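1. Next input, structure requested:
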Amino acid sequence: EVHLVESGGGVVQAGGSLVLSCTASGFSTGFTFDDYAIGWFRQAPGKAREGVSGIGSSRDSEWSGRSVKGRTTISRDNAKNTVYLQMNSLLPEDTAVYFCAADPFGGSQSGQYNSWGQGTQVTVSS
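-> So this is what the prediction gives:
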């Protein structure tokens, strides 16, 4: 499994912005970061895990969840083994633990990913 570390979470006021980072290491033999799709998911207390956004291995595909559409930008820096998720116009309902996940064939469903980070808390105050 790929080792993933999320960072950038914190407390932000409603209407503000955050940039979350996901840095990967420990790739399987013959694979590099470029070979992995990265997805961001979130989970709020008492709620199911929800897809936020994701980017394909060759940057030719991106997706975003319905609840954040138009408010997120995802990008990847393969030289730094890092994916960035910028979130704008944050709402209190965006409060959750945000996880990144990696898989060569990952898409918009959490079940498509084999490697997960520990998560970073995002709290949006009203």
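2. tell me the secondary structure for the spatially most central residue of the chain?
-> By C-alpha atoms, centre = their mean, the mean C-alpha position of the chain lies nearest to Trp40, the distance being 2.4 Å. Per DSSP: H, G, I helix; E, B strand; the rest coil, the local secondary structure of Trp40 is strand.
3. Not including adjacent chain positions, what is the nearest residue to it?
-> Using C-beta to C-beta, 6 or more residues apart in numbering and skipping the chain neighbours, the partner closest in space to Trp40 is Val52 (4.2 Å). From N, CA and C alone the C-beta is placed, and that goes for glycine too.
4. So which elements touch the helix or strand hosting the one you found?
-> Following DSSP states H and E, one finds Val52 within strand 50-55. Here strand 50-55 touches strand 37-43, strand 62-64, strand 72-77, strand 82-87, going by 3 or more C-beta pairs under 8 Å, 6 or more residues apart in numbering; DSSP states H and E.
5. Recalculate using a threshold of 10 Å.
-> strand 37-43, strand 62-64, strand 72-77, strand 82-87, strand 96-103 (3 or more C-beta pairs under 10 Å, 6 or more residues apart in numbering; DSSP states H and E).
6. relative to strand 82-87, how tilted is it?
-> 130 degrees (axes from the mean of the first three to the mean of the last three C-alpha atoms, to 10 degrees).
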